[in-house]
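K.L.:
the sequence and its predicted three-dimensional model are supplied below.
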Amino acid sequence: MDVRRLELLRELADRGSVTAVATATHRTPSAVSQQLKLLEREAGLRPAWWCTDPR
């Protein structure tokens with residue numbers, strides 16, 4: 001598992017949005033999303049906040 005991807009996940013928890021993480025890490029939101037998706041695949045599961053029903 002790539003430590004840089006874990007750092008992006010931590011940034012997401014701290015900042016609350018992919019856009020904020022992208023700005024803080026000088027990446028595009030698309031690049032951050034792609035890295036988080038790869039982390040999801042490596043871990044073999046989906047983070048709970050992506051699976052919750054907003055209703």
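P.N.:
Thanks, I have the structure now.
K.L.:
pick out the residue nearest the middle of this protein.
P.N.:
The centroid of the chain falls nearest to residue 36 when counting by Cα atoms, centre = their mean (4.0 Å).
K.L.:
mind checking the SS state of it?
P.N.:
Here residue 36 is helix, with the state taken from DSSP: H, G, I helix; E, B strand; the rest coil.
K.L.:
how near is it to residue 1?
P.N.:
Distance, residue 36 to residue 1, using Cβ to Cβ, to the nearest Å: 13 Å. Any C-beta I mention is one placed from the backbone N, CA and C, and that applies to glycine too.
K.L.:
coming back round to it: quick one: residues contacting the residue nearest to the centre of the chain.
P.N.:
Listed by Cβ atoms under 8 Å, 6 or more residues apart in numbering, the contact set of residue 36 reads 5, 8, 9, 12, 18.
K.L.:
now the two most distant members of those residues.
P.N.:
Across the contacts of residue 36, no pair lies farther apart than 5 and 18, at 13.2 Å, counting by Cβ to Cβ.
K.L.:
neighbours of residue 22, how many?
P.N.:
The tally of other residues near residue 22 (other Cβ atoms under 10 Å) stands at 19.
K.L.:
what does the one 5 residues further on give?
P.N.:
Burial of residue 27 is recorded as 16 neighbouring residues (other Cβ under 10 Å).
K.L.:
what's near enough to touch it?
P.N.:
Residue 27 makes contacts with residue 21, as judged by Cβ under 8 Å, 6+ apart.
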